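Engineer: Kindly generate the corresponding structure for this input.
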Amino acid sequence: MPLGYDPPPHTTQHWQVTKPAARGRRGMVASQSRAAAEAGIAILEAGGNAADAAAGMAFALAAMEPWNSGLGGIGFALVAGPGMAAQTLDFGPVSPGRLDPSQFPMTGRMKQDLFSWPEVEGDRNIHGPLSFVVPSSVAGYAALHEAHGRLPAADVLAPAIALARRGLPQDWYTTLKVANAASTLRLYPESARIYLPNGLPPVAPYQGSPGFFRLGALAETLERLARAGLRDFYEGEVAQAIAADVAEMGGVLSAEDLALCRARFLPAVSVPWRGRTLHLSAGLTAAPTFRRVLALMEDADWSGAAPSTPWHLHFARAMQTAYAERLAGLGDAEPKGSDSCTTHLTVCDADGMMVAMTTTLLSSMGSRVVLPRSGVLMNNGVMWFDPRPGTPNAIGPGKRPLTNMSPVIATDAAGVPAMALGASGGRRILAAVFQMLALTAGFGMDPDAAAHHPRLDVSGPEGATADRRLPAATLDGLAAMGPLEVVEHAVLPVNFACPNLIAIGPDGLRTGVSDAMSPWSAALAQ
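Structural biologist: Numbering: from 1, shown residues only. All right, here's what the predicted structure looks like:
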C-alpha cells in the first residue's frame, strides 16, 4: 500500500535570522539602511543633534534607498526633547493645483492586483508624470533642521553628497528591487539609463564586490542645495529644473506648486497610556485609528511577559473594528496589498531629543520617473486618491489624501522622551507599531527580544495575516475568526511592516533595534 503524503506548506527559508541591537548612553540611530545610519552617527559625532542627524539620514536615503524615499517624496515626523513639547512635522502629500480628474479616465475594470478601486487608463495615476504630488520631503527635512538643528545645512548634507557621488551598490538586494520595478522603469529614459544598463536589470556578481548605480544628477542637486540653501529646491535653480522636466513630460506639477510648498509643525496628538503619554502624528495619518485601537485594547490581557493567545485574538478584533470604522468614515487611501514602500528612521541624541520620521515615495521607486536635470526620483502620490468622483479621497487639485504613517514618541510620567518608534509598510504600519509598543512598553520585553518576536498583521475589517512561528492555539483562534493567511516573515515576500525603535531606560541606557528581516537595516550607537 503506497505511503500517503500530504506536502506541508512550502517554506522559502531554513535559517534563523537575528539582527544585533545597539546599546549606549549617548546618541543612537536606527534606519532601514546601515549606510544612512552611519551618516547619522557621523553627524552626531560632528556635534549635531537628533534633528541634524535625522535630516542628514533622510537626505542620505535619497541615494541609498530609492525604492522607499528620496527628494521627490513626502512624509511625517515627530520630535520631542527634555523641556520641549512633542511636535508633529507634517510634510504630507498635496496634489498639484492643476490636477484634473478628467485626466484619469477609468477602463471599467477593477484593479485586482494592487488596488480595490477602478483601473485608470495606462495606470497614469500609478506611474509617469501625472502621478506626481508636490514633493515636500526637502521642505520637511529643512523645517526640522531649521527649527531644531544646530549644524550648518552643508554639514548635514555632506554624507548624502558623498553617498550620491559614490552611487548605489548593485548588490543582490538592490538588483532585486530594481528588477521588481524594471517593467515600468524602462518606460522612462533617465530611469532606464540609470537602473537598466543595456536595457536589463543588472545581476549582482557571483563573488567579489558589487558595482554601483550612478545616480544621474542627484549629487549635483544635493551640492546645489548645500551651496544655495534647501529652499532652492522650491524657488531656485533646482525648482526650475524640476518644473522644466515635468512640463516637457506632460505633467501638471508646476513651479507655482513648488513655490507654495511648505512643511508645517503641529501639536502632537497626545494620549495617556499605561503610565506613559504617547505622542502621535497630527494631520491625515493613522493617528485616529491608532487611538481607537488603544481604547479597544485597554481591557486586553496584559498579564505575563509576552502576549497570550487571548491577547492576540483581542488585538485582531480591535484592529478589524478600528479599520472598519476608518475605511467607512475616512476612505480607503491605500488598499491592503498595495506595493507601498516607505522608510522609517529613529534618532536620539545624548541630550535626550528624539525624532521619529516616516518618509516615502509611495510605491516602490515611486512614479519610476527620474527627472534628468535634477536626478530626483519622483513620488506617485496620485495613486493615494480614488479615481471615482465623490469618494472621500477622490482625485482633485490641492488636496491632501489620508495616509497610514504612524511615527510615535512616548514620554514617561515626568514628560521626558523615553521611546521613539515607527515602521514602513503601508496599511501594515499600524499593526507593527502597536505590537512593538505593546511588547516593549506593555509587556516589558527587551527591545532586542521584541524585534525578533513573531507578529500578526490585521489591516482591514476582516481577516488576518500571521507569522507561522506564533503558537498553534493562536493560529487556530485567528482562523476561527475569519480568513487567515499563515506566512513566513521573510525578506520577500514582505508580509509584515518593518519597524525600528529606540528606548531610553530609567538609568539612561539607550537600546535601538531595526527590522530583523530587512537586509540593510541597522541600529547604531554613538
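
Engineer: these two touch, right, L524 and A37?
Structural biologist: Yes: here L524 reaches A37: they are 4.7 Å apart, a contact under C-beta atoms under 8 Å. Heads up, the C-betas are built off the backbone N, CA and C, glycines and all.

Engineer: Between these two, which is the more surrounded one?
Structural biologist: Each of L524 and A37 had its neighbours counted (other C-beta atoms under 10 Å), and the higher figure belongs to A37 (30 against 20).

Engineer: Which residues are in contact with each of L524 and A37?
Structural biologist: Between them, L524 and A37 share the neighbouring residues V29, A30, with contact defined by C-beta atoms under 8 Å, 6 or more residues apart in numbering.

Engineer: isn't P105 right up against E119?
Structural biologist: No: look at P105 against E119 with C-beta under 8 Å: they stay out of range, at 10.1 Å.

Engineer: Please compare the two by neighbour count and tell me which comes out ahead.
Structural biologist: Just comparing P105 and E119: by other C-beta under 10 Å the higher neighbour count belongs to E119, 19 against 13.

Engineer: sec struct for the more buried one, please.
Structural biologist: Remark: E119 carries the secondary structure label strand [criterion: DSSP: H, G, I helix; E, B strand; the rest coil].

Engineer: where exactly do the strands run in the stretch 1-150 of the chain?
Structural biologist: Per DSSP state E, counting those that start in this stretch, the stretch 1-150 of the chain has strands spanning 22-24, 28-31, 74-81, 84-91, 106-110, 118-120. These are given in chain order.

Engineer: and those, which is most packed in?
Structural biologist: Each of the strands of the stretch 1-150 of the chain was given a mean neighbour count from mean count of other C-beta atoms under 10 Å, and the largest, a mean of 33, is that of strand 28-31.

Engineer: partner strands of it, parallel or antiparallel?
Structural biologist: Strand pairing for strand 28-31, using DSSP bridges, gives strand 340-348 (antiparallel), strand 522-525 (antiparallel).

Engineer: Just checking: what are the partner strands of the helix or strand just after the first one?
Structural biologist: Stepping forward along the backbone from strand 340-348, the first helix or strand reached (DSSP states H and E) is strand 354-363. According to DSSP bridges, strand 354-363 has the following sheet partners: strand 74-81 (antiparallel), strand 340-348 (antiparallel).

Engineer: need the strands paired with strand 28-31 in JSON lines with distance to A154 and mean pLDDT, can you?
Structural biologist: Shown next, in JSON lines, are these (distance: least, C-beta to C-beta, whole Å; pLDDT from 0 to 100):
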{"stretch": "strand 340-348", "distance to A154": "20", "mean pLDDT": "90"}
{"stretch": "strand 522-525", "distance to A154": "23", "mean pLDDT": "98"}
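
Engineer: Indicate which one of the ones you listed is closest to A42.
Structural biologist: strand 522-525 (10.2 Å; C-beta to C-beta).

Engineer: Give me the residues contacting the closest one.
Structural biologist: Contact partners of strand 522-525, identified using C-beta under 8 Å, 6+ apart, comprise 19-24, 26-31, 33-34, 37-38, 40-41, 500, 502, 510, 512-514.

Engineer: repeat for stretch 45-53
Structural biologist: Here stretch 45-53 makes contact (C-beta under 8 Å, 6+ apart) with 27, 29, 40-41, 43-44, 56, 79, 81, 144-145, 147-151, 155-156, 347-349, 351, 353-355, 526.

Engineer: Show me just the buried residues among the residues you listed.
Structural biologist: Of the members of the contacts of stretch 45-53, the ones counted as buried by neighbours, 16 or more other C-beta atoms under 10 Å, are 27, 29, 40-41, 43-44, 56, 79, 81, 144-145, 148-149, 151, 155-156, 347-349, 353-355, 526.

Engineer: got a list of what P210 touches?
Structural biologist: P169, Q170, D171, T174, A204 are the contacts of P210 under C-beta under 8 Å, 6+ apart.

Engineer: which regions of the stretch 51-200 of the chain sit below the pLDDT cut-off?
Structural biologist: Low-confidence regions of the stretch 51-200 of the chain, defined here as pLDDT under 70, cover residues 112-116.

Engineer: Which residue ranges of it form helices?
Structural biologist: 137-148, 153-166, 172-185, 189-195 (DSSP state H, counting those that start in this stretch).

Engineer: Nearest to V376 among those would be which one?
Structural biologist: Distances from V376 to each of those were compared by C-beta to C-beta, and the smallest falls on helix 137-148, at 9.2 Å.

Engineer: tell me which strands and helices the closest one is in contact with?
Structural biologist: Using 3 or more C-beta pairs under 8 Å, 6 or more residues apart in numbering; DSSP states H and E as the contact criterion, the secondary-structure elements in contact with helix 137-148 are helix 50-64, strand 74-81, strand 84-91, helix 153-166, helix 232-235, strand 264-267, strand 354-363.

Engineer: next one: the third one to chain centre, how far?
Structural biologist: Meaning strand 84-91. Here strand 84-91 shows a centroid-to-chain-centroid distance of 17 Å under the convention C-alpha atoms, centre = their mean, to the nearest Å.

Engineer: go on, the fifth one?
Structural biologist: Averaged C-alpha coordinates place helix 232-235 at 24 Å from its chain's average position (C-alpha atoms, centre = their mean).

Engineer: Against which helices or strands is that helix packed?
Structural biologist: Helices and strands in packing contact with helix 232-235 are listed as helix 137-148, helix 218-228, helix 237-249, helix 255-260; criterion 3+ C-beta pairs under 8 Å, 6+ apart.

Engineer: Deepest in the core, which of those helices is it.
Structural biologist: It is helix 137-148: most buried of these by mean count of other C-beta under 10 Å, with a mean of 24.

Engineer: pretty sure S95 contacts G381?
Structural biologist: Yes: under the criterion of C-beta under 8 Å, S95 lies in contact with G381, with a separation of 7.2 Å.

Engineer: Can you pull the residues that touch both of these two?
Structural biologist: When contacts are counted by C-beta under 8 Å, 6+ apart, the set common to S95 and G381 consists of V133, P401.

Engineer: thinking T309 is in contact with L475, fair?
Structural biologist: No: T309 lies out of contact with L475 (C-beta under 8 Å); the separation is 9.2 Å.

Engineer: tell me the pLDDT at the residue nearest to P483 when sequence neighbours are not counted?
Structural biologist: Excluding the flanking residues, the one nearest P483 by C-beta to C-beta, 6 or more residues apart in numbering is G463, at 3.8 Å. Here, the pLDDT recorded for G463 equals 94.

Engineer: For burial, what's the neighbour tally of G463?
Structural biologist: Neighbour count of G463, defined by other C-beta under 10 Å: 17.

Engineer: and what of G512?
Structural biologist: If we define neighbours as other C-beta under 10 Å, then G512 has 29 of them.
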